[in-house]
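Q: Predicted coordinates and the sequence they were generated for:
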Amino acid sequence: MCDACHLLSRRDTTVNPAQWGDCWRNRETVEYYKTKTWDLRYALDIIERFDLPGKTLLDIGTGIGTLLRLAAERGFSASGLELDASAVATAKEVHGLDVWQGDLQTFAFTDSDRFAAITLMNTLQVLDDLNGCLTKVRHLLQDDGLLLIQTNNLPSFRSRYGKALRLLNPASLLTAGLERLDIADERVFEGVNYLFAVGNVRRLLNNNGYRVLNLHLLRSARVRFPNLENRRLLTNYLQTVCPKMVVVARKA
């Protein structure tokens, strides 16, 4: 754990980043990410609530570029950066997009490459160098530009007990071996190097020269929340049911 920001590191050595592209050769996976758009649309809805210095957007770790397509439909000049060659090729095939291929730290951005909005959708937690990433993003962000991050929310009930909950499904019960039963949902942590909670992601951004404007906890499905006057109780409740969070920040 980092003493400065209390960030919990969980280096996943079981996943080789060079093999991430294998998923983009699976047509079912491609179709899923092509049509799974509710969280992407929600992110764009949030961005559009703010006054921006322009309509340029960079999506880092864009995958097959679905966010870019949705952003273009809203009038953004959207660019995407993706490490994996298979995902870049799929973005061209599926969406007709020219996605940049490369690593954020070494990609040859030009002096004029400055963006009004930058997004990291489920990307931050799989990176090696968080401080280096946020420093580079800060350089690429226009003054008064917006950074939006979607990442995991470790305190969520699903993160802690998701596997046990899945075992309540009769089909899962039939195939589950009791010797493999544990509590944490390993799918939440697959390929993940860092685990975030509301407090440590806020400190991480503050320590790297950002000012957090807003933080949204995301549900996988619609949940009717109780009408609680105590904000801390509501926050604690939300953290238990929301496996994802969206953080919005600007340069401090």
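A: Ah, there it is. Numbers count the residues shown, from 1 in each chain.
Q: Quick check: the closest residue to Leu83 other than its chain neighbours vs Val212, distance?
A: Computed as C-beta to C-beta, 6 or more residues apart in numbering, the closest residue to Leu83 that is not its neighbour in sequence is Asp103, at 5.9 Å. Bear in mind the C-beta positions are built from the backbone N, C-alpha and C, glycine included. When C-beta to C-beta, to the nearest Å is the yardstick, Asp103 and Val212 sit 26 Å from each other.
Q: For stretch 130-143, buried residues please.
A: If you call a residue buried by 16 or more other C-beta atoms under 10 Å, then stretch 130-143 has these buried ones: 130, 133-134, 136-138, 140-142.
Q: Looking at these, which are in helices?
A: In helices, defined here by DSSP state H, the members of those are 130, 133-134, 136-138, 140.
Q: For those, point out the one with the lowest pLDDT.
A: Within these, Leu130 has the lowest pLDDT, namely 92.
Q: correct me, but that residue touches Leu124?
A: Yes: here Leu130 lies in contact with Leu124, judged by C-beta atoms under 8 Å, at a distance of 6.7 Å.
Q: before we move on, back to that, turn the ones in helices among the buried residues of stretch 130-143 into CSV, columns for distance to Leu217.
A: Below are those laid out as CSV (distance: C-beta to C-beta, whole Å):
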residue, distance to Leu217
Leu130, 21
Cys133, 23
Leu134, 21
Lys136, 27
Val137, 22
Arg138, 25
Leu140, 27
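Q: Go through those and name the one nearest Ser112.
A: Leu140 (11.0 Å; C-beta to C-beta).
Q: ok now do the closest one, which residues does it touch?
A: 58, 109, 113-115, 118 (C-beta atoms under 8 Å, 6 or more residues apart in numbering).
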